[in-house]
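> dropping a prediction and its sequence here:
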Amino acid sequence: TNELIRTEFQKLVQTTTATHGTDNAASWFGGVKPKIPKKKTTVLQTFRQQLKSLMERISNTSTRYIRCIKPNNAMLPQFTEHYTTMRQLECAGLVTAITISRETFPNKLEYVKA
């Protein structure tokens with residue numbers, strides 16, 4: 001069965017090659033190449049491409065944030081509300097960052113006294 005199909009196909013190719021002189025795609029369609037329909041770009045494809053471009057742009061840049069901490073709600077000079085200040089630092093993630101930094105990279109090394 002497969003052998004029969006293979007031999008018949010080879011005969012067809014040889015006949016067509018002998019008739020048209022070549023075995024390219026144009027000869028199979030009377031000298032005209034078949035038109036392959038161009039795929040339209042969908043909204044999802046456009047979104048994916050834009051998102052990929054944005055993520056590449058973000059990964060290539062380094063951003064720095066300036067955090068402004070209000071010392072008190074009344075905006076009075078030389079007066080600090082410690083609870084308000086700590087709350088702002090916690091919300092900004094600085095307390096967690098400092099805790100992790102101290103645990104992984106201690107800035108004070110203890111020396112063993114000999």
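Cool, the structure landed.
> run a quick neighbour tally on residue 95.
14 (other CB atoms under 10 Å). Where you see a C-beta, it was placed from the backbone N, CA and C, and this is true even at glycine.
> same question but for residue 49, I mixed them up
Residue 49 has 11 nearby residues by other CB under 10 Å.
> for it, what are its contacts?
By CB atoms under 8 Å, 6 or more residues apart in numbering, the contact set of residue 49 is empty.
> and it, what element?
Using DSSP states H and E, residue 49 sits within helix 43-60.
> average pLDDT for that helix?
Throughout helix 43-60, pLDDT has a mean value of 88.
> quick one: buried residues of the next helix or strand after it?
Once the chain leaves helix 43-60, the next helix or strand it forms, by DSSP H and E, is helix 82-92. Judged by neighbour count using 16 or more other CB atoms under 10 Å, the buried positions of helix 82-92 are 88-89.
> tell me, how many neighbours does the nearest residue to residue 71 once chain neighbours are set aside end up with?
By the measure of CB to CB, 6 or more residues apart in numbering, the closest residue to residue 71 outside its immediate chain neighbours is residue 80, 4.4 Å from it. For residue 80, the count of nearby residues is 12 (other CB under 10 Å).
> before we move on, back to that, how far does the helix holding residue 49 sit from its chain's centre?
Computed by CA atoms, centre = their mean, to the nearest Å, the chain-centroid distance of helix 43-60 equals 7 Å.
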